[in-house]
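Student: Sequence and predicted structure are below.
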Amino acid sequence: MTQNGNLKRRVRARAAKTGESYTAALQHIRQPPDEPDIRSIRMAVAQTSLFNDPRDVSALHASGTEMRRLMRQAHQAGTRLLHFPEGTTCWPHKRIMSEIGPREIGPSDWKRFEWSALREELEATRRLASELKLWTIFGSVHQLTSPHRPHNSLYVISDRGELVTRYDERLLSNTKISFMYSPGKKPITFEVDGLRFGCALGMEVHYPEIFVEYENLDVDCVLFSTAGETPSNAPAFAAEALGHAASNTYWVSFSTLAPQSTAASSGIASPDGQWAVQCPMTGLPAIAVADIKTNPQSLARPWRRKARSDLYTPHHMEGDPRSDDRNLF
């Protein structure tokens with residue numbers, strides 16, 4: 001009993017010093033000193049209802065209520081981090097926002113957005129994240145000063161309820177860049193319990209360079225959030241998320257809106273390109289929970305980094321190798 005009590009005190013002391021969860025601190029202390037440090041975290045991925053009319057105050061409040069219900073579920077499951085889709089708070093419809101709509105798509109009229117109601121929900125969500133000690137990452141429109149268009153963003157709220165960073169979608173669709181949003185400029189990373197996370201958004205799953213960039217930034221997991229009204233595009237997006245996880249040998253969390261889940265639900269992809277966990281394919285709001293961890297003994301990621309360098313240059317043949325090949329037809 002004394003030995004067990006001493007262990008618990010050591011774990012609590014480390015957790016208080018580093019900000020790690022109790023589980024992460026325990027794992028570090030139990031790790032043999034001559035073995036590489038394995039870091040892990042329990043996280044959840046969500047799929048949420050579609051709210052696409054920012055003029056509707058009651059809908060904005062309903063989206064916040066749903067978010068916080070899922071946050072409490074994630075907390076009860078012992079998670080440290082919860083990842084939400086693009087447009088969790090509201091995913092403004094291009095025709096609702098169009099100055100010349102709804103029949104035609106034109107520049108968005110952002111004066112139609114009930115910004116005060118959104119701010120109320122953001123504040124309530126921030127407070128709950130602090131109360132639950134839960135890192136909460138969710139999609140929201142980020143207002144800029146007029147006449148600048150807003151960003152399509154992911155907010156990163158810490159377990160202290162602080163906005164620690166924000167990711168703004170960089171590679172926008174034609175409609176978004178033509179009529180709706182200002183593009184972001186840079187990748188962002190943040191750390192929780194020793195694991196490094198990156199963020200991607202919208203249709204950026206189509207661009208391998210986004211995910212290679214995060215591999216170069218040494219992330220352990222990319223949080224990719226997307227949205228959609230119908231399930232038609234979801235399978236392709238999910239397949240690409242699996243491919244990025246496998247080709248970069250890191251975790252990818254794929255979070256989308258519930259209407260898409262009947263074809264491809266939200267899930268967490270492991271570094272071998274397989275789903276570690278997925279939400280139900282029901283079209284309803286839900287979360288799925290997985291323990292993700294680093295694998296310092298894996299040789300795949302170091303080798304791929306080496307292969308992407310100038311490893312092969314000394315092995316290239318000079319001149320035309322066909323001149324020495326006697327077997328060409």
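Tutor: It's in.
Student: ok, now how distant is R42 from E66?
Tutor: 22 Å (CB to CB, to the nearest Å). Backbone N, C-alpha and C define where each C-beta goes, glycine included.
Student: In this structure, what residue spans correspond to helices?
Tutor: 2-18, 22-30, 57-76, 94-97, 115-132, 174-175, 208-216, 234-248, 300-307 (DSSP state H).
Student: Those: lowest mean pLDDT?
Tutor: Ranked by mean pLDDT, those bottom out at helix 22-30, which scores a mean of 67.
Student: Could you tell me the end-to-end distance of stretch 194-206?
Tutor: Stretch 194-206 stretches 28 Å from its first residue to its last (CA to CA, to the nearest Å).
Student: Buried residues of it, list them for me.
Tutor: Residues 194-205 are the ones in stretch 194-206 that count as buried (16 or more other CB atoms under 10 Å).
Student: One more: stretch 225-232?
Tutor: For stretch 225-232, using 16+ other CB under 10 Å, the buried residues are 225-228, 231.
Student: returning to that earlier point: mind listing which of the buried residues of stretch 194-206 are in strands?
Tutor: Cross-referencing those against strands under DSSP state E gives 195-201.
Student: any chance of those residues in TSV, plus distance to A117?
Tutor: Compiled in TSV, these are given as follows (distance: CB to CB, whole Å):
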residue	distance to A117
L195	34
R196	34
F197	29
G198	30
C199	25
A200	28
L201	23
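Student: what sits against the spatially closest residue to V219 that is not a sequence neighbour?
Tutor: Leaving aside its sequence neighbours, V219 sits nearest to G198 (CB to CB, 6 or more residues apart in numbering; 4.2 Å). Residues near G198 by CB atoms under 8 Å, 6 or more residues apart in numbering: 187-189, 214, 217, 219, 221-223.
Student: In PyMOL, select just the buried ones from those residues.
Tutor: In PyMOL, this line selects whichever of these come out buried by 16+ other CB under 10 Å:
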select buried, resi 187+188+189+214+219+221+222+223
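Student: so where do the strands sit in the stretch 151-300 of the chain?
Tutor: Assigned by DSSP state E, counting those that start in this stretch, the strands in the stretch 151-300 of the chain fall at 151-157, 163-168, 189-192, 195-201, 221-225, 251-255, 267-269, 275-278, 286-293.
Student: now those as a markdown table including mean pLDDT and distance to T48?
Tutor: Below are the strands of the stretch 151-300 of the chain laid out as a markdown table (pLDDT from 0 to 100; distance: least, CB to CB, whole Å):
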| stretch | mean pLDDT | distance to T48 |
| --- | --- | --- |
| strand 151-157 | 98 | 14 |
| strand 163-168 | 98 | 18 |
| strand 189-192 | 98 | 21 |
| strand 195-201 | 98 | 15 |
| strand 221-225 | 98 | 10 |
| strand 251-255 | 98 | 8 |
| strand 267-269 | 98 | 14 |
| strand 275-278 | 98 | 15 |
| strand 286-293 | 97 | 9 |
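Student: now these as TSV including distance to R119?
Tutor: Formatted as TSV, those follow (distance: least, CB to CB, whole Å):
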stretch	distance to R119
strand 151-157	12
strand 163-168	12
strand 189-192	23
strand 195-201	21
strand 221-225	21
strand 251-255	23
strand 267-269	31
strand 275-278	33
strand 286-293	25
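Student: Quick one, which of those strands gets closest to S49.
Tutor: Smallest distance to S49 across these (CB to CB): 10.6 Å, for strand 286-293.
Student: I'd like the distance from A62 to E204, if you could.
Tutor: Look at A62 and E204: by CB to CB, they are 28 Å apart.
Student: for W110, same thing?
Tutor: Distance from W110 to E204, by CB to CB: 22 Å.
Student: Ok, K8 next?
Tutor: As judged by CB to CB, K8 and E204 stand 43 Å apart.
Student: For the residue nearest to the spatial centre of the chain, which residues count as its bridge partners?
Tutor: With distances taken as CA atoms, centre = their mean, the residue of the chain nearest its centroid is L223 (1.6 Å). Counting by DSSP bridges, L223 is bridged to C199, S253.
Student: Let me see the contact set for it.
Tutor: Residues in contact with L223 (CB under 8 Å, 6+ apart) are 83, 137, 154, 197-200, 253, 255.
Student: Appreciated, that's everything.
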